[in-house]
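>>> Need a 3D model of the following:
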Amino acid sequence: MERSNFPTASSVPFPYSPPYSVQRELMSAILTSLRQCSENAPSASSPATGPNHSNAAAAPSKRKAPIIMVESPTGTGKSLSLACAAMAWLRYREQEDLTELADSVADAAESPSNNQTDRKGSTKYDWLNSWQPSESDGRTADRASRTVPSTTTPQNPPARMRSFAISNRAALDGELNKIRARLETFSNVAAFSSDSSSIHPSAERSRRENLLRTGISRAMVAERKRSRGLLRDGKVVRGDKKRRLGERRAAEEADDFMLDEYHSEEEDKSTHRSDSDDDENDNDDSALSSIALGGKKRGHENLSTKAMLHGSNLDGSGYRRDPEKNARSKMIPGACSDTAAVGDVTPGSGLRKIIYAARTHSQLSQFVGELRRTHWAKSVKVVALGSRAVLCSNDDVLYVSPGDKTKGRRSEVEITEMCLDMQKSNKSNRSIAKGDAKSSSCPFLESSEAVSTLAMHSLVRPSDIEDVVSLGNATHTCSYYSSRQALAAAEVVVLPYNTLLSDQARQSIGLSLKNALVVIDEAHNLPEALRGVSSCTLSLPVIEAAIAQLSRYTQRYSGRLAGRNLYYLGQIRKVLIAMAKFLKLPPPSRSSSANEKTDECHEPSISKKEMLAAVDLMFRLKLDNLNLFTLLRYIKRSGISQKLLGFVNHSASVLENDRKETIGDSEQREAGGKNLFMSRHVSALSVVETFLKRLTGTSREGKVIVEWPTNEMAPITSSSERNYPIFRYVQIHSGSLLDNMIDEAHAIILAGGTLRPFSHVAAELFVHNDEVMKAALYAEAKLSQKFDSTTSLSMSPNNGSRPSSSFVHITPQLTAFTCSHVIPPSNVLTAYLSYGPSGLKLDFRHGSRSSNDMIDELGRTLLNLCNVAPSGFVVFLPSYSYESAIFQRWRVTGMLSQIHARKPIHREPKSSRDLDVTLSRYSEEASSSTRGAILFSVMGGKMSEGINFANEMARTVFVVGLPFPDITDPVLIEKMQSLDQECKRLGTGITGQAYYQNLCMRTVNQSVGRAIRHANDYAAIVLADFRYVSDLRIWKGLPAWSRSGIPKQSTSTFGNVLKSIRLFFAVR
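Numbering: from 1, shown residues only. Next comes the predicted model:
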């Protein structure tokens, strides 16, 4: 299909004219790749031939999302360029989705077999296709959807789906536009005020809060009218009848936990259809009753807020039912695999989306801020997702002592537990006789309509986490559940890494990646984030709790369970007992590889460890004859983990009054877990299941580390798993974890300021994808030839010219783009410092950096540089432990007070919650006077990424040493050995040593990038360590824009560096 209207870099509305050349080139690379992806992808209308169409012969081959690697230095406007290009693509695709569906409807109408009877008996309701509603029924149509001709009455599934989606989307946009209009009116009134604060962002937020309060008040009044009381058969349940009803329900609930009969693992999957399949058989009847109601049903302009936000209404997959019935259903997205949706998204997931992920909330807020500056700021629907710890506003949940917040906040796990406890306790104790409008005992969840109203208002303007929390606080409404309810209606979703990368987390919130544009910012963190998500631990107390719970369950239902169920429950018990026995054995006498080579170890060993491949562990457990795949299939199909959890909690509630303790509590004590936090809302068996799933991977993907506590361990803490023997699965290669994402997404953009070498990223994430690997190696070879050699030959320390601004290489599976900085070479000075003021060689390797002489020399270096460097001075240190060591030494020698006399000292805070306060204080002092201030941070820490040190905040960036990771880490050793083997086997890729060095240089480059934030910014960058001069590989690992010629020993003395810095700032 010819796509003449596909957006290009020149047609994308940009907030600033003209954009930087690198911004235009970046957008062009992304849009060119997306256009190629759209042209190669199957038509979105292909599934619209009918929801039950399943012709395997005609099914297209499964496509994989292309990878777009984009490297743009920090300060070049990367986020804004990403936002503009992605939004232009989204608006095009939204229109194209409906157009392609309309084309398929027209093709079906022109087909000569259109009126013939199909094999499924479509003539059963032939009269329905020719039926037209009367003119009087037209009043139920949404007035906002005037672009849909009145003659397009649904006559086949694609047409009905399209009309249904358009109508509901128009209803949603109409409601949002009403709220926006009222908000605009308030803003115009405030603009006439003489107070300039009326245009401040906080004033905008205050107007949104006031408007939301009004909306929630109206919604709650309507809700109270609808819920005067809970009725049973039209009568209020009271007295003995209420008691008998409760007893009967309790008995029925106990039976709900019994397993269904399990036939055989070899049985065809078609015999294990879900209950929803039966419901789907009645869809035609539902459609009949829906149309027969005609004008009796309320129009789309009167839809409830929840119905307007519901995914199946917005993507058209719920066209068989009334929108309000869809909103009341509990079907999760994708539950009906044979149902189509507009744009071929997952049915029930709502609108096609841009999904933006970053590591920190500050980066997410920055992207939302860029969206507010785009052409689509007033119409784009954005939702910001986060954990309860970030979005919750209930002090009873957040703090150990709500009356005294100085006692600290609860951990994220404890906050989740408290939240679920509040909701569950209310459900179990809710009165049947008295109608209670509350949906939860949490005061922020009193009204479901209030939550829906907050969800609607959060979509009015692009809102970040702070905005959503502020709206929730102002109206005493839950921001966490409102953001989840707004998800289906959102066009842009911003969320942290962990939510995007975890299949379980995405499923729990109903987030689908199908046909979405996934943007992962600061993607150099992606491999580590994937390893963190996939790694898991299984401790002895959890295993013992699972054994105790399974024994109770089997004892309760053994006489009623089928033979196959008893067999598999016995297999599960066998596995649990074997693991428990293994962990109770004394640790091996020899030291593990983790404790060898202690000369470079960063911290003392606190436990004995042994690393094993999964197959070796199964042999050690004497379970090598057990088929884990069969056992895991049984656990999944039978739902034993969930049934076991329900049984335990139900039994606990029954016995609670007699025993004054829950079953879970007693089993935890029996398991020896007095000091281990175990959630009542997570089945112990589900933790075991997760661990067993990891064991089914290959030995290349991951290993199991067995850890036994020793007598030398640190004092026991209240919730530490390290006080018990544990199995710890660690992911070595994380590429396979992206397979699901590649299979579902439309395209994946990996963006960042330090992505190169592209071949390293590909080797970590896509080593089994030959096309991606070949394209990445070719692109990196061309880049090295173009940038590295050109930079080393043509640029001089004083007056160099940059190589050409960008490079792009596009293939069907990989697009690689990189560009230079927007600043002129004269705006940055990079100095390599090998010697201190007293002539001591600056050697910050781990073995020598902690000596008193080296720490004292570092102090003298900083003290002298503070005399010539104005404004803000940011120091990046290699580790937190080293930061503590130098401060301890400088307090003794008096160096700390001397530096403080030149520039007030600020330190990176221990807690992320104190980050904003520290930055605010530092920024104020750094910008208020020429004396400025000095800030000590850690490379790879909280302030080395996602923080904007613009202008006076960082006129000088001082990098101490090279932050190489711990070479004795067994996981790192295994990773390096695996890369060496892979490189030797394939004859290409990266070696373990190259990978090790790249980990270090990416961390350095992230710190260096804090200095330059826009085209007119300037800064001096000092790299303090003799290795920056002596090792050319390290110099080549620096960003091309920061290199100032090949470093020389003669220019790396302290006197030469001090002189160059003084001259650099003298002309500013």
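
>>> what about the stretch 551-700 of the chain, any weak spots by pLDDT?
589-607, 652-678 (pLDDT under 70).

>>> So which residues of it form helices?
In the stretch 551-700 of the chain, the segments counted as helices under DSSP state H, counting those that start in this stretch are 563-584, 614-620, 628-638, 640-659, 663-670, 684-695.

>>> try the stretch 801-950 of the chain
Under DSSP H, counting those that start in this stretch, the stretch 801-950 of the chain gives helices at 852-868, 880-893, 895-902, 915-928.

>>> other SSEs contacting the lengthiest strand in the chain?
Criterion DSSP state E: the longest strand present in the chain is strand 702-709. The contact analysis (3 or more Cβ pairs under 8 Å, 6 or more residues apart in numbering; DSSP states H and E) places strand 702-709 against helix 563-584, strand 607-612, helix 614-620, strand 726-731, helix 970-986. Where C-beta positions appear, they are placed from N, C-alpha and C, glycine not excepted.

>>> could you say what helices and strands the third one packs with?
Under the contact definition 3+ Cβ pairs under 8 Å, 6+ apart, helix 614-620 sits against helix 684-695, strand 702-709.

>>> Can you check which of these gets nearest to Asp322?
Between Asp322 and these, the tightest spacing by Cβ to Cβ is seen for helix 684-695, at 36.2 Å.

>>> which residues touch that closest one?
Outside helix 684-695, the residues that touch it by Cβ atoms under 8 Å, 6 or more residues apart in numbering are 534, 536-538, 542-543, 545-546, 549-550, 572, 575-576, 614, 617-618, 628, 631-632, 635, 640-642, 644-645, 678, 702, 704, 727, 729.

>>> buried ones in that helix?
Ala684, Leu685, Ser686, Val687, Val688, Glu689, Thr690, Phe691, Leu692, Lys693, Arg694, Leu695 (16 or more other Cβ atoms under 10 Å).

>>> want to throw these into CSV with distance to Pro496?
Formatted as CSV, the buried residues of helix 684-695 follow (distance: Cβ to Cβ, whole Å):
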residue, distance to Pro496
Ala684, 27
Leu685, 28
Ser686, 23
Val687, 22
Val688, 27
Glu689, 25
Thr690, 20
Phe691, 24
Leu692, 27
Lys693, 23
Arg694, 22
Leu695, 28
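
>>> what's the farthest-apart pair in these?
It's Ala684 and Leu695 that sit farthest apart of these, by Cβ to Cβ, at 17.3 Å.

>>> coming back round to it: quick one: closest of the helices and strands packed on strand 702-709 to Ala523.
strand 726-731 (17.2 Å).

>>> and the closest one, what other elements does it pack with?
With contacts taken as 3+ Cβ pairs under 8 Å, 6+ apart, strand 726-731 sits against helix 526-534, strand 536-539, helix 563-584, helix 684-695, strand 702-709.

>>> for the ones you listed, which one sits closest to Ser879?
That would be helix 526-534 among the helices and strands packed on strand 726-731, by Cβ to Cβ, at 16.4 Å.

>>> got the angle for the closest one vs strand 702-709?
Helix 526-534 and strand 702-709 are oriented at 60 degrees to each other (axes from the mean of the first three to the mean of the last three Cα atoms, to 10 degrees).

>>> what is the rounded mean pLDDT of helix 526-534?
On average, the pLDDT along helix 526-534 is 87.

>>> tell me the angle it makes with strand 726-731.
Going by the same axes, to 10 degrees, helix 526-534 makes 150 degrees with strand 726-731.

>>> Output helix 526-534 as PDB, restricted to C-alpha atoms.
Provided in PDB are the C-alpha atoms of helix 526-534 (Å, rounded to 0.1, in the frame of the first residue of the first chain):
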ATOM      1  CA  LEU A 526      18.700  -2.500  29.800                       C
ATOM      2  CA  PRO A 527      20.900  -5.700  30.200                       C
ATOM      3  CA  GLU A 528      21.400  -5.100  33.900                       C
ATOM      4  CA  ALA A 529      17.700  -4.300  34.300                       C
ATOM      5  CA  LEU A 530      16.700  -7.600  32.500                       C
ATOM      6  CA  ARG A 531      19.100  -9.500  34.800                       C
ATOM      7  CA  GLY A 532      17.500  -7.900  37.800                       C
ATOM      8  CA  VAL A 533      14.000  -8.800  36.700                       C
ATOM      9  CA  SER A 534      14.800 -12.400  35.800                       C
END
